[in-house]
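> just the structure for this:
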Amino acid sequence: MRTAPKVALSLLLSILLFSGLAAAAYAGFFNILETRFYQPATADALKTWHSKNMETFAQFVGAEPVQRSLLPNQSAQDIFDRSNLAGTLLADMPALTGIRIIDAGDTAIAPENDRGTRRIHFSTFREDILKKEDLQIAYENYGKNEADLPFNIVSVPDGSPPKLIIDRDRDLFQYCFPFYDAFSSWRGTAETSSASATALCCSATAPTPFRAL
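All right, here's what the predicted structure looks like:
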């Protein structure tokens with residue numbers, strides 16, 4: 001075949017291909033592909049990722065040195081083991097921004113008298129630490145920092161399942177668990193935050209609570 005007919009044939013095929021793609025786009029074919037195939041696959045992957053994160057954090061929350069973090073007299077071994085467990089968790093899950101164990105406070109207090117602050121028993125957030133000694137760490141109360149979500153949002157009552165919170169203001173996923181001490185008594189909430197991709201969340205301003213996936 002001569003050069004001119006080859007060029008003409010290639011041009012014709014290109015025009016037909018472009019026209020077909022344009023018609024498919026106009027008819028919403030690509031939107032159908034995204035809705036039927038891409039979005040479900042992304043949702044399944046995200047659900048698996050959350051489930052894995054919550055399973056891993058549950059192991060940390062249930063570890064004995066962590067449950068003993070509320071004891072008034074801390075042993076050096078417990079402090080070392082707890083720090084080691086937290087460090088391992090943060091290393092294995094690099095998207096995590098930190099860990100906190102927050103006291104439930106006085107559950108009998110009237111809502112109108114609740115100041116919204118709670119004692120922190122353990123934290124890996126630097127901004128929470130007021131004073132650090134060999135066997136004792138003093139923490140700032142949760143809720144004093146303006147960036148903290150209201151405690152009534154992150155709190156998980158006794159007997160309730162863990163929950164996932166999407167904090168869209170800070171682009172974070174927050175995993176919240178009921179916390180039980182070494183005597184199996186409910187004492188508050190253990191929470192950890194994971195950096196997220198904004199594209200995975202709908203654009204909104206208020207944090208949205210979800211139950212565990």
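> point out where the chain drops to low pLDDT.
Low-confidence segments of the chain (pLDDT under 70): 1-42, 107-114, 196-213.
> ok, residue 180 - contacts?
67, 186, 187 (CB atoms under 8 Å, 6 or more residues apart in numbering). Backbone N, C-alpha and C define where each C-beta goes, glycine included.
> look up how far residue 55 lies from the last one.
According to CB to CB, to the nearest Å, residue 187 and residue 55 sit 22 Å apart.
> looking at those two, which is more packed in?
Neighbour count, other CB atoms under 10 Å: between residue 187 and residue 55, residue 187 has more, with 20 against 10.
> that one - nearest residue in space that isn't next to it in sequence?
residue 181 (4.9 Å; CB to CB, 6 or more residues apart in numbering).
> surely the one you found is in contact with residue 68?
Yes - counting by CB atoms under 8 Å, residue 181 touches residue 68, with 7.4 Å between them.
> which of the contacts of residue 180 fall in strands?
Among these, the residues falling in strands (DSSP state E) are 186, 187.
> which one of the contacts of residue 180 is nearest to residue 148?
Checking the contacts of residue 180 against residue 148 with CB to CB, the nearest one is residue 187 at 18.6 Å.
> which other helices and strands contact the one helix or strand residue 55 maps to?
Using DSSP states H and E, residue 55 sits within helix 39-61. Where contact means 3 or more CB pairs under 8 Å, 6 or more residues apart in numbering; DSSP states H and E, helix 39-61 is packed against helix 76-92, strand 172-180, strand 186-195.
> if we can go back for a sec, residue contacts, the residue nearest to residue 187?
Counting by CB under 8 Å, 6+ apart, residue 181 has contacts 67, 68, 70, 71, 187.
> again with residue 177
Shown in contact with residue 177 (CB under 8 Å, 6+ apart): 57, 58, 61, 156, 162, 189, 190, 191.
> do the same with residue 178
With CB under 8 Å, 6+ apart, residue 178 has these contacts: 156, 157, 158, 159, 160, 162, 186, 188, 189, 190.
> spatially nearest residue to it (excluding sequence neighbours)?
residue 156 (4.4 Å).
> what helix or strand is that neighbour located in?
Following DSSP H and E, one finds residue 156 outside all helices and strands.
> I'd say residue 67 and residue 186 touch.
No - applying CB under 8 Å as the test, residue 67 and residue 186 come out as separate, 11.5 Å apart.
> more neighbours: these two, which one.
Applying other CB under 10 Å to residue 67 and residue 186 shows that residue 67 carries more neighbours, namely 22 against 16.
> measure residue 71 to residue 181 for me?
The value you get for residue 71 to residue 181, if CB to CB is used, is 8 Å.
> around residue 185, how many other residues sit close by?
11.
> just the one 10 residues further on next, same as before
As a burial measure, residue 195 scores 12 neighbours (other CB under 10 Å).
> pretty sure it sits against residue 53.
No - using CB under 8 Å, residue 195 makes no contact with residue 53, being 11.5 Å away.
> which neighbours do the two share?
residue 173.
> direction included, what does the host helix or strand of residue 166 pair against?
Applying DSSP H and E as the criterion places residue 166 in strand 163-167. Strand pairing for strand 163-167, determined by DSSP bridges: strand 172-180 (antiparallel), strand 208-211 (antiparallel).
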